[in-house]
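J.: predicted model and sequence follow; I will ask about them next.
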Amino acid sequence: MRPERQDGTGGGGLLVPMDWMYAEYIADEMLRTGDLMEPSTLEYRAGRDALALTVFLSGGEVPDALPAARLDELRLLTAYGAQWCGWVRERLGASGADPASGTASAEPDLALARAAWRWLEETELLAADLDAIGAPPWEAVDDGPDAEETAQVWTPAWQLGLPLGHLAIHLH
């Protein structure tokens, strides 16, 4: 059996992305505990990846029992979509810009984090168009056969996953 982590002794072992896997585990546990979404859905994956990115990129160890201060930090980081998006780009850019800042053992973690971000940014999911829903009750609304389709828009996965992750943190 190959070793799980390269210890720098020249043995040339398999690099396992333990930090990323742990961040995914924490995100998965929070979402499952909140029971917000069926785990087999793309929306769940978007929430898990957004939350895992937040945990991974915020640095610091995440103990088994998340302290209140750490939960507050995660709540603040996931509270505002556009700011979170820029924060993720900045953190991922900084982690790859300076080769001296990371070690070889961090490369598999960063590769998975970048892949998760790429999926969140490039994948679009069909979601409710909140601007089209909720017409005032005094206005006549045409409920034709296409009414449901017009009340939906394609949106980047992170825009659905981030609020789901934020709500999971609140319910944890």
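T.: Looks like it arrived, so ask away.
J.: can you tell me how far the nearest residue to T33 once chain neighbours are set aside sits from Q152?
T.: Using CB to CB, 6 or more residues apart in numbering and skipping residues adjacent in sequence, the residue nearest T33 is H172, 6.0 Å away. Quick note: C-beta positions are derived from backbone N, CA and C, even for glycine. Distance of H172 to Q152, computed by CB to CB, to the nearest Å: 30 Å.
J.: can you check V16 too?
T.: V16 is 40 Å from Q152, by CB to CB.
J.: need the helix or strand of this protein with the lowest average pLDDT.
T.: Taking mean pLDDT, DSSP states H and E as the measure, the chain has helix 147-150 as its least confident helix or strand, at a mean of 56.
J.: any idea which helix or strand comes after that helix?
T.: Heading C-terminal from helix 147-150, the first helix or strand you meet, by DSSP states H and E, is strand 152-156.
J.: buried residues, that following strand. List them.
T.: Under the neighbour-count criterion of 16 or more other CB atoms under 10 Å, strand 152-156 has 155-156 buried.
J.: who does the next helix or strand along the chain from it touch, helix- and strand-wise?
T.: In the C-terminal direction, the helix or strand that comes right after strand 152-156 (DSSP H and E) is helix 157-171. Under the contact definition 3 or more CB pairs under 8 Å, 6 or more residues apart in numbering; DSSP states H and E, helix 157-171 sits against helix 18-34, helix 42-57, helix 68-78, helix 81-97, helix 107-122, strand 124-128.
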